[in-house]
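Enquirer: I need the structure of the sequence given here:
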Amino acid sequence: MPVPKLERATIRVPATSANLGPGFDCIGLAVDLWNETNVTVDEPSITLSGEGADSLPRDGTNLVASSAHRTFLELGVNPIPLAFECHNNIPLARGLGSSSAATITGITAAFAFAGFDIAEPETRRRIFVIAADIEGHPDNVSPAVYGGCQIGVNVDAGSPDCSWIVSRVEISDEMKAVVFVPDFTMATKEARGILPDVVPRSDAIFNVGRAAMLVHALETRQWSLLRHATDDRLHQPQRIEKLFPRFRPIARGALDAGAHGVFLSGAGPTVMALATDRFMTICYEMSENARKAQIVGKALILDISQHGMQIETEFERSN
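Expert: Numbering: from 1, shown residues only. Purely as a prediction, here's the structure:
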């Protein structure tokens, strides 16, 4: 009996926040803000709406298309011509994982149209590994693929046998992310370029302790620990000082209003606060402090997304 061919797929990938303060390049969190892409076998094309519709490329250099092409080659499959209709809700270059979402969309499309079952754990693991290879770090791609809060690390980095592994950090459904998204962008490459290659031992110890406390606080619901557990010395002070000094009044507004912890989301400039109540008050105070600091943007209250990438498929009907 012939295997039915995939005709259409709808792929949804959540926004993510990397680092959560001290977990630089290894801890990430998925939130309930999604990009949705319809994919069909057709003349290659990119259709865009929403965030980035006026700025993203509409050819093979688009991350969705290029990630799909790379994945077909890695799978040993002749690239299948695909048309992507992208509806983007994740703001670009704001520290909410827009590039990871695009990368995972393309990889997932390639696996699906190559005949793989995306529901299989091994398929999802391979999607995660390819995405981490493309991104170079797992902090955004792990929660985008698996949902919730994730820790990802590279085992034996630099060796031919290196591999990415991931582990979930349980986080309560009562937790929400209150975010302030400035209108200006911050390129990840620029935000990485200002970081030192060597850090003092005391700063490394500082971050190891905070990262451990962060995971413990989330797992045990000891919310009072998060105020200090989201602190960091490896990337936030440098980025805030040189690129976004007006982060401080927004963060202070969130904490004063009742947030448990606050941090720069990814490379920024989005500011994310974690809270279990007083969401509207926190949202208002972040917005008001941003206004006083003459920062234009928008505030959102987002659920934690316990689920990562999702796909719906339609197969050709047999005669």
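Enquirer: which residue is nearest the centroid of the chain?
Expert: For the chain, residue 16 is the residue whose C-alpha lies nearest the centre (C-alpha atoms, centre = their mean; 2.7 Å).
Enquirer: Determine the longest helix present in this protein.
Expert: Ranked by number of residues, the top helix in the chain under DSSP state H is helix 201-220.
Enquirer: If you count contacts, what does that one end up packed against?
Expert: Here helix 201-220 touches strand 27-41, strand 163-169, helix 226-229, going by 3 or more C-beta pairs under 8 Å, 6 or more residues apart in numbering; DSSP states H and E. For the C-beta atoms, the positions are set from N, CA and C on the backbone; glycine is no exception.
Enquirer: Out of these, which one sits most buried?
Expert: Most buried of the helices and strands packed on helix 201-220 by mean neighbour count (mean count of other C-beta atoms under 10 Å) is strand 27-41; its value is a mean of 23.
Enquirer: For that strand, what is the distance to the chain centroid?
Expert: Distance, stretch centre to chain centre, for strand 27-41: 9 Å (C-alpha atoms, centre = their mean, to the nearest Å).
Enquirer: now do stretch 126-134
Expert: On C-alpha atoms, centre = their mean, the centre of stretch 126-134 falls 13 Å from that of its chain.
Enquirer: And stretch 183-191, by the same measure?
Expert: The gap between where stretch 183-191 is centred and where its chain is centred comes out at 15 Å by C-alpha atoms, centre = their mean.
Enquirer: same question, stretch 136-147
Expert: Centre-to-centre, stretch 136-147 and its host chain are 6 Å apart (C-alpha atoms, centre = their mean).
Enquirer: what does the average pLDDT come to for that stretch?
Expert: Stretch 136-147 shows a mean pLDDT of 97.
Enquirer: quick revisit: which one of the helices and strands packed on helix 201-220 lies closest to residue 266?
Expert: Ranking the helices and strands packed on helix 201-220 by proximity to residue 266 (C-beta to C-beta) places strand 27-41 first, at 8.5 Å.
Enquirer: just the angle between that closest one and helix 201-220, please?
Expert: With axes from the mean of the first three to the mean of the last three C-alpha atoms, to 10 degrees defining the directions, strand 27-41 sits at 70 degrees from helix 201-220.
Enquirer: For the helix or strand hosting residue 46, list the C-alpha coordinates in PDB.
Expert: Using DSSP states H and E, residue 46 falls within strand 45-50. Output in PDB follows, covering the C-alpha atoms of strand 45-50 (Å, rounded to 0.1, in the frame of the first residue of the first chain):
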ATOM      1  CA  SER A  45       8.400  31.100  -1.900                       C
ATOM      2  CA  ILE A  46       8.200  33.100   1.300                       C
ATOM      3  CA  THR A  47       5.100  35.000   2.200                       C
ATOM      4  CA  LEU A  48       5.300  37.200   5.300                       C
ATOM      5  CA  SER A  49       2.800  38.900   7.600                       C
ATOM      6  CA  GLY A  50       3.200  40.400  11.100                       C
END
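Enquirer: got the buried residues for the helix or strand that that strand is followed by?
Expert: Reading on from strand 45-50 to the C-terminus, the next helix or strand found by DSSP H and E is helix 63-74. For helix 63-74, burial by neighbour count (16 or more other C-beta atoms under 10 Å) applies to 63-72.
Enquirer: Pick the one among these closest to residue 123.
Expert: Among the buried residues of helix 63-74, and counting by C-beta to C-beta, the member closest to residue 123 is residue 71, at 11.5 Å.
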